[in-house]
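Novice: Have a look at this prediction, sequence included:
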Amino acid sequence: MRTTFLKGTTGLDPVEHSVLAQALNQLWARFLPQIEERVAILESAASAFTAGQLSAGQSAAASSAAHKLAGVLGTFGLARGTDLGRELEIIYSREGGPDPALGERIVEITARLRDLIEDFK
């Protein structure tokens with residue numbers, strides 16, 4: 001049972017706590033494929049960016065994936081994932097595309113998101 005889900009729920013009785021934990025675990029399992037797909041979009045965009053081949057469409061897809069990850073990861077108590085997702089969203093939504101100086105940062109954030117998801121499984 002992922003206790004990260006349950007921060008701030010100490011006022012619940014044990015049965016309510018268990019029911020809530022089960023529900024959140026089921027939601028995590030349901031949304032995990034979408035979460036992993038969004039991370040894969042970010043990984044693809046990071047690779048394309050570092051190769052100098054990031055298209056406007058890939059940048060928009062990466063911004064959207066990062067935005068959605070920021071929201072959903074926060075729902076599951078992964079505040080760090082929310083912060084990383086927001087940072088990538090800002091980077092990819094920049095007019096004219098990401099700043100070329102941020103290549104290493106993009107790769108780093110994307111890898112951290114992948115690690116966060118893998119560690120949380």
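Specialist: Cool, got the structure. Numbering: from 1, shown residues only.
Novice: Can you give me the pLDDT of residue 25?
Specialist: On pLDDT, residue 25 comes in at 86.
Novice: helices and strands of the chain: which one bottoms out on pLDDT?
Specialist: Here the helix or strand of the chain ranked lowest by mean pLDDT, DSSP states H and E is helix 14-50, holding a mean of 90.
Novice: Next, count neighbours for residue 102.
Specialist: Per other CB atoms under 10 Å, the neighbour tally for residue 102 reads 17. (Glycine included, C-beta is placed from N, CA and C.)
Novice: Enumerate every residue touching it.
Specialist: In this structure, residue 102 makes contact with residue 91, judged by CB atoms under 8 Å, 6 or more residues apart in numbering.
Novice: any idea how far the closest residue to residue 50 other than its chain neighbours is from residue 49?
Specialist: Leaving out its chain neighbours, the residue that sits closest to residue 50 by CB to CB, 6 or more residues apart in numbering is residue 103, at 5.2 Å. Separation of residue 103 from residue 49 (CB to CB, to the nearest Å) stands at 6 Å.
Novice: which one of those two has more residues nearby?
Specialist: Under the criterion of other CB under 10 Å, the comparison of residue 103 against residue 49 puts residue 49 first, with 23 against 16.
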